[in-house]
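In: Any chance you can model this:
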Amino acid sequence: MTRTRRYLLFLVLLSCCACSTLKQPEQKIDYYTLEYEPPQVQGITTLPFVLRIERFSVSPLYNTHQIIYRDRSFRRDAYPYEKWRAAPGDLVTYYLSRDFKHVGLFKAVAPYESRVEPSVILEGSVDEFYEWDSEDGWKAVLTVSTVLLFYPEPDLSKRVVFQKTFRAVKPCKKKNLTSLSEAMSEAMAEVSAQVIRATCQHLVK
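Out: Now for the predicted structure:
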């Protein structure tokens, strides 16, 4: 066999291998999200404020659609084929806005992209959003830091209403990602209720 024929045969085999690889199906990615009923907040007077909820920032460790888990100290890993449908910052921002609207204690609740002029602004960050694989089972960990501001308020000493951090840790019923989503939903529901209650109580004063 001449060198030219060998070279042509090599190219044919390489092309067949490439086609075979391209035809292999990609690994399916499963997406997860939060699901819970809006919290009920009672015993608080309706407030004459327009609240705008800014888009929450996220800690660099969790600013991803990947589902992050911790199985030992100083280590964070991610599942390769399972992801959150939206990033943690967007999930927390959306559900807080939805829950504030549901309780109906404000004159209006505007999303961060709204052009409605607010009288108070809630902004913050998602500090923790992960699965904790501890010795006594899996847990969902959610920590949210918030700042409530009067707007517009030229006096800096009067602008900040409060600055608080809220944290919830909820056990997973089973060691799978459906149970993690359920537990994270419970954590979000608890944090959301705490944020709403704190916001209203500080504005009533």
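
In: Now the phi/psi pair for Ala183, please.
Out: phi -70, psi -40 (degrees, to the nearest 10).

In: Starting from Ile53, give me the distance back to the nearest residue to it once chain neighbours are set aside.
Out: Distances taken as Cβ to Cβ, 6 or more residues apart in numbering place Ala140 nearest to Ala183, at 3.6 Å, with adjacent residues excluded. Every C-beta, even on glycine, is put in place using the N, C-alpha and C of the backbone. Plainly put, Ala140 is 22 Å away from Ile53 if you go by Cβ to Cβ, to the nearest Å.

In: show me what contacts the most centrally placed residue in the chain?
Out: By Cα atoms, centre = their mean, the chain has its centre lying nearest to Pro88, at 1.9 Å. By Cβ atoms under 8 Å, 6 or more residues apart in numbering, the residues touching Pro88 are 58, 62-63, 126, 129.

In: which of these tops the neighbour count?
Out: Counting neighbours by other Cβ atoms under 10 Å, Phe129 leads the contacts of Pro88 with 27 neighbours.

In: ok, it touching Tyr62?
Out: Yes. Between Phe129 and Tyr62 there is a contact under Cβ atoms under 8 Å: 4.4 Å.

In: Next, show the common contact partners of the two.
Out: Common neighbours of Phe129 and Tyr62 (Cβ under 8 Å, 6+ apart) are 68, 88.

In: Could I get the buried residue list for stretch 110-117?
Out: Ala110 (16 or more other Cβ atoms under 10 Å).

In: Check the contacts of Pro88 and tell me the two furthest apart.
Out: Based on Cβ to Cβ, the longest span within the contacts of Pro88 runs between Asn63 and Phe129 and measures 9.2 Å.
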